[in-house]
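# Only the shape, not the letters, is given here:
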């Protein structure tokens, strides 16, 4: 049962990624990205990381892609403004051929990994409490550094967006 | 034993269906009648089946039938047919799924099995609500975009901007409640709200966190796209906003989805701030211990309330002619009231006479709590409607100012003070 769910979700994740790269319309790309993100969230849920599952939906699907869609719509891109991609299939085929050696390397790397059961871990593994304890005990400094990084990005955005008194 | 499991699960799903989907026609009726009341007119009250008007409730069913049987029309200008058809479904499904984690009674114990009394027995609680509230806006954005119409696109854009800005304030206002309760599980929160503060005030969220309650209620209005935050469909500027090009049941899904979302938001407001399914001063323990007296009170109260209601029907549904439709309807309604009373009293009486096993006590308590929850749900939905017909619509820039410059700083300040308070005085 879990295998079937995993395969379905993995299929949707890959299909979403493929659609995101190949769609011509930016909005179609953004929407296929949502499919991919939701499928990933489902994969997190399968790994019993319930907090990550919910946060993936709330933050990525609920907020970030909404913002992305908003901006794409705001730009109001017309059909004729989109770049002409006549040799898209040619490029796709060449690109996948070039990537074959790398893919073989990845498959080999996976096959050397020690086999472990990928089943659901014991109770409380991905819950908010355990997550918070790990985050605020072992990873406190990286957490704070990331928050400072985000804050500086926020301040920067405000500075750019602010109307200058003199330049109007 | 398995039979019990199956029947409880089916019961839970049916009850959450009734509270969300089944509430929609009642809410539409309530909206139109309350609007009429506020604007000093009657509202729809003529539609009837064989003389039965039920105060105009039949009108909602007539409207629904009309929507179902209308021609399924799609304008030629719509090019993205898949997204155009799919977006009402997104809105509806998301609105419906948000209701699934709301507990409408305390955990039910039958034999040695414990059941969570909510549509889906998962404990993600608030996170689940936030996730699907965030997802439902895709329906509006994509629908507005796929309509290939300037008004629709503007409506979709406005919805996106509004949801992004109010989700931030909503999430932050929830954090201070999470600090107080120390859990995200909604059932756990309601159980905490069953306690008493200083021995006489029910420890409801609105008493413990008044600022968070106000912030959350405002942002919940914005999340459901209800007036005064309905700029996404502001008909004075945008014709119909995101659903300008929609008709028949595609529009119907948007329409019903709005009411389901409103009902889900009301349910969450109740669960977080108004004590959920708890009857004030009677938490689950107290109810179980004093069930005898509670049933006695019910047996006295039910006939009394029915008499008042019957008098109200007599006063409001009367006509000088003896055999007028109104008088006939009033007579039948009164007979129905009598039958309901007899059935209720006989059930309660047998319960009292035969004595109650612990299972029967638990089931009766759960039913009482479901009724309490339903009454609170009706009241908060009424509040939503009341606000809609009282306050004018926000202007777009005022809406953004309110979200970013007032609600967000207030929410952050509230988290700060709550945190200090909890650290100093203990949870």
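That came through, no problem. Note that this is a predicted model, so its numbers are computed, not measured.
# Which positions in stretch B:293-301 come out as buried?
B:294, B:295 (16 or more other CB atoms under 10 Å in any protein chain shown). To be clear about C-beta, it is placed using only N, CA and C from the backbone, and glycine gets the same treatment.
# residue contacts, residue B:390?
By CB atoms under 8 Å, 6 or more residues apart in numbering or on different chains, residue B:390 lies in contact with residue B:38.
# where does it land on pLDDT?
Per-residue pLDDT puts residue B:390 at 87.
# how deep is the residue of chain A found nearest chain B tucked in, by neighbour count?
In chain A, no residue comes nearer to chain B than residue A:62, which is 2.4 Å away by CB to the nearest CB. By the criterion of other CB atoms under 10 Å in any protein chain shown, residue A:62 has 27 neighbours.
# Contacts only, for it.
Neighbours of residue A:62 in contact, by CB under 8 Å, 6+ apart: B:130, B:131, B:133, B:134, B:135, B:167.
# From the centroid of the chain, which residue is nearest?
I'll assume chain A. residue A:37 (5.6 Å; CA atoms, centre = their mean).
# should've been chain B
residue B:263 (2.4 Å).
# So it sits against residue B:381, correct?
Yes: counting by CB atoms under 8 Å, residue B:381 is a contact partner of residue B:263 at 6.2 Å.
# pLDDT of stretch B:296-304, averaged?
Stretch B:296-304 shows a mean pLDDT of 83.
# quick one: contacts of it?
B:341, B:344, B:345, B:348, B:349, B:352.
# The first one: which element?
Assigning secondary structure by DSSP states H and E places residue B:341 in helix B:325-354.
# and that helix, what other elements does it pack with?
helix B:291-316 (3 or more CB pairs under 8 Å, 6 or more residues apart in numbering or on different chains; DSSP states H and E).
# so what are the domain limits for chain B?
Split into domains by automatic domain parsing, chain B comes to B:2-278+B:360-425, B:281-356.
# end-to-end on the last one?
Spelled out, it's domain B:281-356. 23 Å (CA to CA, to the nearest Å).
# how many degrees apart are whatever helix or strand comes next after the helix holding residue B:341 and helix B:291-316 in direction?
Using DSSP H and E, the helix or strand that directly follows helix B:325-354 along the chain is helix B:358-388. Put simply, helix B:358-388 runs at 40 degrees to helix B:291-316, going by axes from the mean of the first three to the mean of the last three CA atoms, to 10 degrees.
# starting at the chain centroid, how far to the next helix or strand after helix B:358-388?
Following helix B:358-388 in sequence order, the next helix or strand is helix B:396-401 (DSSP H and E). Chain-centre distance of helix B:396-401: 27 Å, with CA atoms, centre = their mean, to the nearest Å.
# is helix B:396-401 up against chain A anywhere?
No: judged by CB under 8 Å from any CB of the partner chain, helix B:396-401 and chain A are separated, with a smallest distance of 12.6 Å.
# name the helices or strands packed onto the next helix or strand along the chain from that helix?
Once helix B:396-401 ends, the next helix or strand along the chain (criterion: DSSP H and E) is helix B:408-425. If you count contacts as 3+ CB pairs under 8 Å, 6+ apart, helix B:408-425 packs onto helix B:150-181, helix B:210-223.
# Can you name the residue of the stretch 201-350 of chain B that approaches chain A most closely?
Sorted by distance to chain A under CB to the nearest CB, the residues of the stretch 201-350 of chain B start with residue B:223, at 10.9 Å.
# what's the burial count for the closest residue to that residue other than its chain neighbours?
In space, and not counting its chain neighbours, residue B:223 is closest to residue B:133: 5.1 Å by CB to CB, 6 or more residues apart in numbering or on different chains. Burial measure for residue B:133: 26 neighbouring residues, criterion other CB under 10 Å.
# And for the one 10 residues further on?
Taking other CB under 10 Å as the neighbour definition, residue B:143 ends up with a count of 31.
# burial of residue B:280, as a residue count?
Using other CB under 10 Å, residue B:280 has 14 neighbouring residues.
# how close does it get to residue B:201?
To residue B:201, residue B:280 is 9 Å away according to CB to CB, to the nearest Å.
# What of residue B:89?
Residue B:89 is 44 Å from residue B:201, where distance means CB to CB.
# what about chain B, any weak spots by pLDDT?
B:1, B:427 (pLDDT under 70).
# from the stretch 101-250 of chain B, which residue is nearest to chain A?
Counting by CB to the nearest CB, the stretch 101-250 of chain B gets nearest chain A through residue B:134, at 2.4 Å.
# where does chain A come near chain B, residue by residue?
Counting by CB under 8 Å from any CB, chain A comes close to chain B at A:27, A:31, A:34, A:50-51, A:54-55, A:57-58, A:61-63, A:66-67, A:69-70, A:73-74, A:76, A:128.
# List only buried entries from the residues you listed.
A:27, A:31, A:34, A:50-51, A:54-55, A:57-58, A:61-63, A:66, A:69-70, A:73, A:128.
# In strands, which of those residues appear?
Counting by DSSP state E, those place none of their members in strands.
# Just the terminal-to-terminal distance for stretch B:116-125.
12 Å.
# meant to ask about stretch B:196-215
End-to-end for stretch B:196-215, by CA to CA: 24 Å.
# buried stuff in it?
For stretch B:196-215, a neighbour-count test (16+ other CB under 10 Å) marks B:202, B:203, B:204, B:205, B:206, B:208, B:209, B:212, B:213, B:214, B:215 as buried.
# which of these are close to chain A?
Counting by CB under 8 Å from any CB, no member of those reaches chain A.
# Could you save these as CSV and add columns showing distance to residue B:148?
Shown next, in CSV, are those (distance: CB to CB, whole Å):
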residue, distance to residue B:148
B:202, 53
B:203, 53
B:204, 48
B:205, 44
B:206, 45
B:208, 49
B:209, 45
B:212, 42
B:213, 42
B:214, 40
B:215, 37
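# what's the farthest-apart pair in these?
B:202 and B:215 (21.0 Å; CB to CB).
# In contact with the closest residue to residue A:57 other than its chain neighbours, which residues?
Spatially, and ignoring its direct neighbours in sequence, residue A:57 is nearest to residue B:131 (4.0 Å; CB to CB, 6+ apart). By CB under 8 Å, 6+ apart, the contact set of residue B:131 is A:54, A:57, A:58, A:61, A:62.
# and the strand or helix carrying residue B:131 with helix B:210-223, angle?
Using DSSP H and E, residue B:131 maps to helix B:126-146. Helix B:126-146 and helix B:210-223 are oriented at 30 degrees to each other (the same axes, to 10 degrees).
# where exactly do the helices run in chain A?
Counting by DSSP state H, chain A has helices at residues A:2-22, A:26-46, A:50-55, A:65-75, A:88-112, A:128-137, A:140-161.
# of those helices, which approaches residue B:35 most closely?
Closest to residue B:35 of the helices of chain A is helix A:65-75 (CB to CB; 31.4 Å).
# name the element the residue nearest to the centre of chain B belongs to?
helix B:248-273.
# Work out the gap between that helix and the centre of the chain.
Distance, centroid of helix B:248-273 to centroid of chain: 7 Å (CA atoms, centre = their mean).
# how about that helix, does it reach chain A?
No: Helix B:248-273 does not reach chain A (CB under 8 Å from any CB); its nearest approach is 14.6 Å.
# any residues touching stretch B:111-118, and which ones?
Under CB under 8 Å, 6+ apart, the answer for stretch B:111-118 is B:1, B:4-5, B:8-9, B:12, B:16, B:100-109, B:121, B:123, B:186-187, B:359, B:366, B:369-370.
# and it, which residues are buried?
By neighbour count with 16+ other CB under 10 Å, stretch B:111-118 contains the buried residues B:115, B:116, B:117, B:118.
# which ones among those are found in strands?
Going by DSSP E, the strands hold residue B:115 from the buried residues of stretch B:111-118.
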